[in-house]
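Asker: I'll drop the sequence and a predicted model, then ask my questions.
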Amino acid sequence: MFIQTLLTGLAIGGIYALMAVGYSLVFSILNFSNFAYGSIIMLGAYIGYYAMVKLGMPVGVSIIVSILGSATLCYLNERLAYSPLRKRRASSLFFMISAMGTSIFLENLVYATIGARFYSFPELFKTHNLAFGGISIGLLDVFAIAFSFCAIMSLNLFLQRSRTGIAIRAASYDIDVCMLNGVNITALIGLVFGFAGALAGISGMFLGMKYIVYPTMGWITAKAYIAAVIGGLGSLPGAVVGGVLLGVLETFVSAYVSSVVRDVFSFSLLVLLLMVMPTGLFGRFLEEKV
């Protein structure tokens, strides 16, 4: 049972890690938490559902459609809600207020157009299990683990090896100096939001397939935000470690203690960690840049 619980936790942690990386990407550049990200994930789940169920697309094509749709929505979110504030050099507080307003708008837009019904993906993976050595794990969990970590590793490779990735990492240290060195910051920020949206599409699809699709499902990203803070906001390796750690610990608490206290455990872990390590596991104190 231990190994099976661990594998289930890794599957959930992989989804948390995807969402946490999306949070950390935006935070590393603009230094604010994009609370509209949960609504983008919710819309990604709806896009994937309609592509698969209503349009009859295969699973792989539906995932690609969800990725492209979510990336486009996240890009438009930055252009419409954050870019005007950025041009006026507004403080992070105004960005967060705009993000919360965008989240409320998108949720209510779904209520007004699609409705409050719950939707379920076809039983493509839920009834299929892989059994080995007395351990049984769902095919969906295996697919989620593999796809999530492949997506994260591909993004990390891009950030480490490509010129654009180096520019993104440079902007995360000092966006003004990066701009003075000839980097098109507007295009770079749009690209970052596109990457975050792509991760939102993947995680939205997996959340929808594992559970159900409904207008307020984006609130589960509170767990991803916890994971990002645990790892250290702005740190992509920290986001991955925080997501996996939170997913595994939550699964063990549900299996060996009670699922009722799972959320209490998550938020208590966050509070305790911040009391000991205010910047998270991989966060750093940085001097004020002048």
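Answerer: Now that the structure is in, tell me what you want to look at.

Asker: what about stretch 207-223, how long is it end to end?
Answerer: 13 Å (CA to CA, to the nearest Å).

Asker: Give me the contact list for that stretch.
Answerer: With CB atoms under 8 Å, 6 or more residues apart in numbering as the test, stretch 207-223 has contacts from 11, 15-16, 19, 23, 37-42, 45-46, 48-49, 103, 107, 110-111, 114, 116-121, 124-126, 140, 144, 246, 250, 266. (Glycine included, C-beta is placed from N, CA and C.)

Asker: of the residues you listed, buried ones?
Answerer: Buried members of the contacts of stretch 207-223, counted by 16 or more other CB atoms under 10 Å: 11, 15-16, 19, 23, 37-42, 45-46, 48-49, 103, 107, 110, 121, 125, 140, 144, 246, 250, 266.

Asker: longest helix in the chain, by residue count?
Answerer: helix 2-30 (DSSP state H).

Asker: could you give the mean pLDDT of it?
Answerer: For helix 2-30, mean pLDDT rounds to 84.

Asker: i'd like the first residue to be 47 from this point on
Answerer: Okay, using 47 as the starting number, the last item reads as helix 48-76.

Asker: Please compute how far that helix lies from its chain's middle.
Answerer: 7 Å (CA atoms, centre = their mean, to the nearest Å).

Asker: which helices and strands sit right next to that helix?
Answerer: helix 83-95, strand 181-184, helix 185-207, helix 209-219, helix 231-256, helix 267-277, helix 282-302 (3 or more CB pairs under 8 Å, 6 or more residues apart in numbering; DSSP states H and E).

Asker: angle of that helix against helix 83-95?
Answerer: 120 degrees (axes from the mean of the first three to the mean of the last three CA atoms, to 10 degrees).

Asker: and the angle from helix 48-76 to helix 267-277?
Answerer: 80 degrees.

Asker: List the buried residues in helix 48-76.
Answerer: Buried-residue list, helix 48-76, by 16+ other CB under 10 Å: 51-76.

Asker: hmm, back to that, could you single out the most deeply buried of the helices and strands packed on helix 48-76?
Answerer: Sort those by mean neighbour count, taking mean count of other CB atoms under 10 Å, and helix 83-95 sits at the top with a mean of 28.

Asker: What confidence value was assigned to L101?
Answerer: 90.

Asker: Excluding its own residues, what touches stretch 130-146? List them.
Answerer: So stretch 130-146 is contacted by 76-83, 127-128, 235 (CB under 8 Å, 6+ apart).

Asker: Let me know whether E296 touches T54 as I believe.
Answerer: No - contact between E296 and T54 fails when scored by CB atoms under 8 Å: they sit 10.0 Å apart.

Asker: and the contacts of stretch 130-146, which are buried?
Answerer: 76, 78-83, 127-128, 235.

Asker: what stretches of the stretch 47-196 of the chain score poorly on pLDDT?
Answerer: The model of the stretch 47-196 of the chain has pLDDT under 70 over residues 170-182.

Asker: that older thread, just send the buried ones among the contacts of stretch 130-146 back as JSON lines, with distance to I110 too.
Answerer: Output for the buried ones among the contacts of stretch 130-146, formatted as JSON lines (distance: CB to CB, whole Å):
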{"residue": "L76", "distance to I110": "27"}
{"residue": "F78", "distance to I110": "30"}
{"residue": "S79", "distance to I110": "28"}
{"residue": "N80", "distance to I110": "23"}
{"residue": "F81", "distance to I110": "27"}
{"residue": "A82", "distance to I110": "23"}
{"residue": "Y83", "distance to I110": "20"}
{"residue": "A127", "distance to I110": "26"}
{"residue": "Y128", "distance to I110": "26"}
{"residue": "I235", "distance to I110": "24"}
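
Asker: how far away is the closest residue to F195 other than its chain neighbours from I248?
Answerer: Among residues not flanking F195 along the chain, G60 sits closest, at 6.1 Å (CB to CB, 6 or more residues apart in numbering). Separation of G60 from I248 (CB to CB, to the nearest Å): 10 Å.

Asker: residues bridging contact with these two, i.e. touching both?
Answerer: What both G60 and I248 touch, as defined by CB under 8 Å, 6+ apart, is the set S194.
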